[in-house]
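[1] quick one: sequence and predicted model below, then my questions.
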Amino acid sequence: MRTFYLLAVGLVLAGMAATAYAELQNVEVTGELRTRGRWYHNVAGPNWPGETPMMLNADPGKRPVGVLPGRTALSTVLGWDDSAQDLKLVDQRVRLGVKADFTDKVNAVIELDANDVWGTDFRSNYITGADIRGNTANDVEVFQGYVEANEMFDMPLRLRIGRQAMRFGNGFLVDDHWSPIVGTSYDAIRATYTGTDYTIDAWWSKLAENSPLEEDGDIDFYGIYGTYTGIEHFNVSLYYLLVRDANQIIDTAGSFWNEMVEDWFGLDDYDVTNLNTIGTHVWGNWGAWDYTLEMAYQFGNASQVGSLFQVPSIYGTYGDDDADWGAFGAEGNIGYSFDINWQPRVYAAFRYFGGEDNRDIDFLDWLNPFYTGEASVSFNRLFTGCNCCPVMFDNNLCSNFWSVMTGVSAAPMANVVTGFDVEYYSAVATFDAPRSFNLGGWRVSSPVSTALPFWTEDTDDELGIATRIWVNYNYSQDLFVRVAWEHLFTGDGLTDGNYTASMGLDQSAGTDDDDADLLYFLTVLKF
């Protein structure tokens, strides 16, 4: 990867030298305004946005449940409870950009954006009449700022350097947004070679810079993505992605003797995290049929995840420094469009994000004073823009689940498309929860299971069934409106609690088993 980095820098310098005398030709101003309103019913937990105990009196003991930063073990932020408050908010994104075209095939893009929630910046107090400055903290960011050189060295080679949005395929793993409102951009050097019926992209991106605190403590994102479109009815992409996280991980910082004992027993010995992903994406159409299928497999050292699974032992408290990725992810969709009035399309789809749950211990583990635990590592969805189940508060973060969906869409009038679909969700690897009983509407951990954490009960794998009704209205070429309602028939797997949230590292449990709803609208205006 360092070779690629040096080569990219060399190409940038060569390109800059070749185009140093480019002159400004055209300037184009672009903009976009997105506004979204959401109403969640029976989704948020009673302490939202704070956490709630999954069950009262629950103590994981030596169980390696994994604890996210700022959280406590066996907790949840969800509810599935009609006694909790509904969550209502409107947020919006404003984008304003300038694209400049120069001679010698050089372009530059500078784009600003701001994300706000309505009601957080109002500048007047209606009771006292006092006018104050608005809350402008972190309002405006540079979303994009890059220079682009085309046809470098008289070849179909384009080079971009700077902060830039990137999206590949359907955004399965790399996208330019992670919600309909919030965008994603990368500080990157990206080279694109475009042939007659193929394209090859290669890039290096800096996700986090920690110098000079650590000599090698940065987070870098590399990738190569090739696409071939020379076969009728069939297109294919192959890719390799690497996230390298060299942040130092230390479970304990003890004396010389303590460190020597750790070396003897191979403790607190984390390697650099390397999340490798290889994948393929095929898509196309054949007459009235259309299809898409993407599959990816991940492997490599998962120290950053393993460090979350700390377990007390006779040595001290340590995470899993042997954790590895080894998960498969896929999604597919096939549809058929009828050439009749309303142009109906019927479709079926599936999603699968592999996961594991090693959070249970047996009697011998409990007795073993040297037990250190094993991490549970699920498929990492990286920088996806796919919100698989908005009513579940997915926000592109869920893993360790699979789903199947069927639906129909139609265009009953010009510029209007509406549809209905049903999707079934199930956990891949279920959690063995502490034994509990119900008391006053709360789940309470049994005192015996608290004292003996190997005494557990199975959780159900059925997360629920979601139904969706949506309408898209293209009012004009520039203005788009979407209105949708989702209803979730909450399954026992959500009520019991499984680790499907936050890439399979957080609980989906609630305090009850009530059905949930999400009603939302989205408007997009571009110019």
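    That came through, no problem.

[2] low-confidence ranges in this structure?
    Along the chain, the model assigns pLDDT under 70 to residues 1-22, 134-138, 213-215, 396.

[3] which residues of it fall in helices?
    Taking DSSP state H to define them, one finds helices in the chain at 2-18, 256-265, 303-306, 363-367, 447-451, 492-496.

[4] any idea how far residue 196 is from residue 518?
    45 Å (C-beta to C-beta, to the nearest Å). For the C-beta atoms, the positions are set from N, CA and C on the backbone; glycine is no exception.

[5] show me what contacts the closest residue in space to residue 285 that isn't next to it in sequence?
    Once flanking residues are discounted, residue 285 sits nearest to residue 233: 6.5 Å by C-beta to C-beta, 6 or more residues apart in numbering. With contact set as C-beta atoms under 8 Å, 6 or more residues apart in numbering, residue 233 has these partners: 284-286.

[6] next: residue 479.
    Taking C-beta under 8 Å, 6+ apart as the contact definition, residue 479 lies against 523-525.

[7] ok, now residue 217?
    Taking C-beta under 8 Å, 6+ apart, one finds 210-211, 246-248 in contact with residue 217.

[8] from those, which is closest to residue 437?
    Minimum distance to residue 437 across these is 42.1 Å, recorded for residue 247 (C-beta to C-beta).

[9] surely that closest one touches residue 304?
    Yes: with contact defined as C-beta atoms under 8 Å, residue 247 counts as touching residue 304 (7.0 Å).

[10] anything in contact with each of the two?
    Joint contacts of residue 247 and residue 304 (C-beta under 8 Å, 6+ apart) are residue 273.

[11] residues contacting the residue nearest to residue 263 when sequence neighbours are not counted?
    Nearest residue to residue 263, sequence neighbours excluded (C-beta to C-beta, 6+ apart): residue 269, at 7.6 Å. Neighbour list for residue 269: 262-263, 321 [criterion: C-beta under 8 Å, 6+ apart].

[12] now list the buried members of these.
    If you count burial by 16 or more other C-beta atoms under 10 Å, the buried members of these come out as 262, 321.

[13] ok, so of the contacts of residue 269, who is nearest residue 228?
    Of all these, residue 321 has the smallest distance to residue 228: 40.7 Å, by C-beta to C-beta.

[14] more neighbours: which of residue 196 and residue 518?
    Set residue 196 next to residue 518 and count neighbours by other C-beta atoms under 10 Å: residue 518 wins out with 23 against 7.

[15] who does the more buried one bridge with?
    Per DSSP bridges, the residues bridged to residue 518 are residue 40, residue 486.

[16] and residue 194, what does it touch?
    Neighbouring residues of residue 194 by C-beta under 8 Å, 6+ apart: 156, 158.

[17] mind running it again at 10 Å?
    150-151, 155-158, 200-201, 227 (C-beta atoms under 10 Å, 6 or more residues apart in numbering).

[18] now the buried members of these.
    150, 157-158, 200-201, 227.

[19] and the strands in the stretch 251-400 of the chain?
    For the stretch 251-400 of the chain, strands defined by DSSP state E, counting those that start in this stretch occupy the ranges 273-286, 289-301, 311-312, 317-318, 324-337, 345-353.

[20] give the buried residues for the fifth one.
    Residues of strand 324-337 classed as buried under the neighbour-count rule (16+ other C-beta under 10 Å) are 324-325, 327, 329-333, 335, 337.

[21] how far does that strand sit from the chain's center?
    Distance of strand 324-337 from the chain centroid (C-alpha atoms, centre = their mean, to the nearest Å) equals 15 Å.

[22] may I have it as PDB, with CA atoms only?
    In PDB, the C-alpha atoms belonging to strand 324-337 read as follows (Å, rounded to 0.1, in the frame of the first residue of the first chain):
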ATOM      1  CA  ASP A 324     -10.500 -11.900  13.500                       C
ATOM      2  CA  TRP A 325     -13.000 -11.000  10.800                       C
ATOM      3  CA  GLY A 326     -14.400 -13.900   8.900                       C
ATOM      4  CA  ALA A 327     -17.900 -12.900   7.800                       C
ATOM      5  CA  PHE A 328     -19.900 -12.900   4.600                       C
ATOM      6  CA  GLY A 329     -22.400 -10.300   3.400                       C
ATOM      7  CA  ALA A 330     -24.700 -10.100   0.400                       C
ATOM      8  CA  GLU A 331     -27.800  -8.500  -1.000                       C
ATOM      9  CA  GLY A 332     -29.800  -9.100  -4.100                       C
ATOM     10  CA  ASN A 333     -33.000  -7.900  -5.900                       C
ATOM     11  CA  ILE A 334     -34.900  -9.300  -8.900                       C
ATOM     12  CA  GLY A 335     -37.900  -7.600 -10.500                       C
ATOM     13  CA  TYR A 336     -40.300  -7.900 -13.400                       C
ATOM     14  CA  SER A 337     -42.000  -4.900 -15.000                       C
END
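
[23] hang on, the earlier thing: now the buried members of the contacts of residue 479.
    Buried by 16+ other C-beta under 10 Å: 523-524, out of the contacts of residue 479.

[24] just curious, which of the contacts of residue 479 is nearest to residue 361?
    residue 524 (49.8 Å).

[25] hmm, the closest one is touching residue 480, no?
    Yes: counting by C-beta atoms under 10 Å, residue 524 does reach residue 480; the two are 4.4 Å apart.

[26] common neighbours of the two, please.
    Residues touching both residue 524 and residue 480 (C-beta under 10 Å, 6+ apart): 34, 474.

[27] ok, now which ones touch residue 227?
    When contacts are counted by C-beta under 10 Å, 6+ apart, residue 227 touches 168-169, 194, 197-201, 235-239, 281.

[28] so which of these comes closest to residue 61?
    Nearest to residue 61 among these is residue 239, at 42.4 Å by C-beta to C-beta.

[29] and for that closest one, the neighbour number?
    The number of residues packed near residue 239 is 22, by other C-beta under 10 Å.

[30] chain neighbours aside, what residue packs nearest to it?
    residue 225 (4.2 Å).

[31] what residues are up against the one you found?
    166, 168-169, 173-174, 192, 199-203, 237-241, 279, 281.

[32] can you flag the buried ones in the residues you listed?
    Of the contacts of residue 225, these count as buried by 16+ other C-beta under 10 Å: 166, 168-169, 173-174, 192, 200-203, 237, 239, 241, 279, 281.

[33] of those, closest to residue 350?
    Nearest to residue 350 among the buried ones among the contacts of residue 225, with distances taken as C-beta to C-beta, is residue 281, at 15.0 Å.

[34] I'd like to know how far that closest one sits from residue 178.
    19 Å.

[35] and what of residue 463?
    Residue 463 is 21 Å from residue 178, by C-beta to C-beta.

[36] higher neighbour count, those two?
    Neighbours per residue (other C-beta under 10 Å) separate residue 463 from residue 178, with residue 463 holding more: 27 against 19.

[37] was I right about the more buried one contacting residue 392?
    Yes: with contact defined as C-beta under 10 Å, residue 463 reaches residue 392; the gap is 7.5 Å.

[38] name whatever forms a beta bridge with the residue lying closest to residue 198 once chain neighbours are set aside.
    Nearest residue to residue 198, sequence neighbours excluded (C-beta to C-beta, 6+ apart): residue 228, at 4.7 Å. Beta-bridge partners of residue 228, counted by DSSP bridges, are residue 198, residue 236.

[39] and stretch 444-463, how far out from the chain's middle?
    In terms of C-alpha atoms, centre = their mean, the centre of stretch 444-463 is set 29 Å apart from its chain centre.

[40] right, I mislabeled it, should have said stretch 316-326
    Mean-position distance between stretch 316-326 and its chain equals 22 Å (C-alpha atoms, centre = their mean).
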